[in-house]
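# no sequence for this one, just the structure:
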């Protein structure tokens, strides 16, 4: 038996439009980062480590809302690229910390400039008031939905 209730159009949902914009913004940023051979997830870890002392992977995972396994995999990739280093803790040789290498420290501002450029390309079309309103609404939705994990894909 077929339902007689109307079926909403795909484009009738705010989620559709949010996802459309999000996909384009995210893919454009991923393409920009790829030119530097870094993924969005790797950039997120590098930015989290920027300007701070070497940090235990468990603390980084908690702060970013990621699993320890995910942080370990990302760290392994970044270590292979010589962008971060894993070191044993001086007080407890079993504990480890992650920190940016000199090459990583030098690269973060370049990647941040790509993020700024990507934002300007997509959100520069909005007035300052529209941008503030959008940011306020998105932050309110994230807060009310307890969305705290760093988006990495």
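Yes, it's here. Only a predicted model underlies this, so the values are computations on that prediction, with no experimental measurement involved. Numbering: from 1, shown residues only.
# low-scoring pLDDT stretches of the protein, where are they?
Within the chain, the segments meeting pLDDT under 70 span 1, 3.
# Now do the helices in it.
Assignment of helices within the chain using DSSP state H yields the ranges 14-34, 40-49, 57-64, 68-80, 102-123, 128-144.
# now the angle from the longest one to helix 68-80?
Relative orientation of helix 102-123 and helix 68-80, computed by axes from the mean of the first three to the mean of the last three Cα atoms, to 10 degrees: 110 degrees.
# And for the last one?
Here helix 128-144 runs at an angle of 130 degrees relative to helix 68-80 (the same axes, to 10 degrees).
# Then the third one?
Counting by the same axes, to 10 degrees, helix 57-64 lies at 110 degrees to helix 68-80.
# Return the residues in contact with residue 42.
By Cβ atoms under 8 Å, 6 or more residues apart in numbering, the contact set of residue 42 is 33, 74, 77, 78, 81, 83. The way it works is simple: take the backbone N, C-alpha and C, and place the C-beta from them, glycine included.
# if we can go back for a sec, give me whichever of the helices of the chain is most buried.
Greatest average neighbour count among those goes to helix 40-49 (a mean of 21), per mean count of other Cβ atoms under 10 Å.
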